[in-house]
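Engineer: structure for this input, please:
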Amino acid sequence: MNNPRRKRIAEVISKLQALEEELQAVKEEIEEIKDEEQEYLDNIPENLQSSERYEKAENAVSCLESAIDSIDCIDFEEITGSLEEATE
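Structural biologist: Sure, this is the predicted structure:
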């Protein structure tokens, strides 16, 4: 691989590192929202726990957890490692 392409890969790796930091901040914000919704869900009175409002809150928590899990599936180390290996 020539030097210009190596340099471009280094720039891509730098962008990935910035993206990873930003994505971590987004994940933390989603976790905070999920925790707030879970607290709301936990405080719904027992007589309303079969209501549509309860089901919507429960679904929201589940969807937020799914979003967090999806973020966790992104393996920045593997991506970066593959790019670095390409420059060898």
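
Engineer: how many neighbours does residue 37 have?
Structural biologist: Using other Cβ atoms under 10 Å, residue 37 has 19 other residues around it. C-beta coordinates here come from the backbone N, C-alpha and C atoms, glycine included.

Engineer: residue 76 is in contact with residue 22, isn't it?
Structural biologist: No: Residue 76 is beyond contact range of residue 22, at 11.4 Å (criterion: Cβ atoms under 8 Å).

Engineer: neighbour count winner among the two?
Structural biologist: Taking neighbours as other Cβ under 10 Å, residue 76 and residue 22 compare with residue 76 leading, 15 against 10.

Engineer: so how far is residue 39 from the more buried one?
Structural biologist: 31 Å (Cβ to Cβ, to the nearest Å).

Engineer: what of residue 47?
Structural biologist: With Cβ to Cβ as the criterion, residue 47 and residue 39 are 19 Å apart.

Engineer: of those two, give the one with the bigger neighbour count.
Structural biologist: Taking neighbours as other Cβ under 10 Å, residue 47 and residue 39 compare with residue 39 leading, 10 against 7.

Engineer: look up how far residue 33 lies from that one.
Structural biologist: To residue 33, residue 39 is 11 Å away according to Cβ to Cβ.

Engineer: let me see the contact set for residue 13.
Structural biologist: 80, 83-84 (Cβ atoms under 8 Å, 6 or more residues apart in numbering).

Engineer: give me the contact list for the helix or strand harbouring residue 71.
Structural biologist: Assigned by DSSP states H and E, residue 71 belongs to helix 52-72. Residues outside helix 52-72 that contact it (Cβ under 8 Å, 6+ apart) are 23, 26-27, 30-31, 33-34, 37-38, 40-41, 44, 48.
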